Structures are given as C-alpha cells and as structure tokens.
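Asks: Predicted model follows, preceded by the sequence.
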Amino acid sequence: MSLEDQAKQILNNFDGIPSDEFIKILTKIQPTLKSQITRDYLNGKIQGVLAMTDEAEKKKFCKTLKPYLDWYIQGNA
C-alpha cells in the first residue's frame, strides 16, 4: 500500500486507528514537506505525542495534526 493510500485510510478511519500508527505515517510524510520550518515544527509535535503516555491525550493531539495528511494527499506537501 502506498504512503498516500495509508494516509487516506487513516483520515477515513481516524477513530479506529491507534495514535502510534498515525504518528508512524506522519513521520514518513515529514521529509516530503517543502519547508524546513514546517518539517521542524512537525517533528516537535511528533516528539510531543511520543512523550505522552495516555492514549486518549495522544489521540486528541493527533487530531490537531490531521491537516498534514490532507496536505500530503492533495500534493501540497
């Protein structure tokens, strides 16, 4: 399955996807982002999620990062 297909699958079934799977895909998408500032910002957010221990909090935070998947799918990364 391509990275784009994986991103679409996560967006279509966000509530059913574990936060670790979401973060794994974001980590794969991160190098494709055009701006170094955006890559660095996203890296900080990813590290913040990885430091969390509560799955509910991770999921809530991941929800705020969904636009990165949208950008990637639309080809604007």
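Replies: Here it is on my side, so go on.

Asks: from here on, contacts and neighbour counts on C-alpha atoms
Replies: Fine.

Asks: how much space is there between residue 54 and residue 61?
Replies: Per CA to CA, to the nearest Å, residue 54 is found 11 Å from residue 61.

Asks: between those two, which one's more packed in?
Replies: Neighbours per residue (other CA atoms under 10 Å) separate residue 54 from residue 61, with residue 61 holding more: 17 against 9.

Asks: For the helix or strand encompassing residue 73, give the mean pLDDT please.
Replies: If you go by DSSP states H and E, residue 73 is part of helix 66-74. Averaging pLDDT along helix 66-74 gives 93.

Asks: quick one: that helix to chain centroid distance?
Replies: Centre-to-centre, helix 66-74 and its host chain are 8 Å apart (CA atoms, centre = their mean, to the nearest Å).

Asks: what do you get for stretch 5-14?
Replies: The chain centre lies 10 Å from the centre of stretch 5-14; the measure is CA atoms, centre = their mean.

Asks: pLDDT on that stretch, on average?
Replies: Mean per-residue pLDDT for stretch 5-14: 95.

Asks: buried stuff in it?
Replies: Using 16 or more other CA atoms under 10 Å as the test for burial, stretch 5-14 gives 6, 7, 8, 10, 11, 14.

Asks: wait, which of those residues is closest to residue 37?
Replies: Set against residue 37, the nearest of the buried residues of stretch 5-14 by CA to CA is residue 7 (21.8 Å).

Asks: if we can go back for a sec, which residues does the helix holding residue 73 contact?
Replies: Under the contact criterion CA atoms under 8 Å, 6 or more residues apart in numbering, helix 66-74 has outside partners 4, 7, 8, 11, 26, 29, 33, 77.

Asks: And those residues, which two are furthest apart?
Replies: Using CA to CA, the pair of the contacts of helix 66-74 lying farthest apart is 11 and 33, separated by 18.2 Å.
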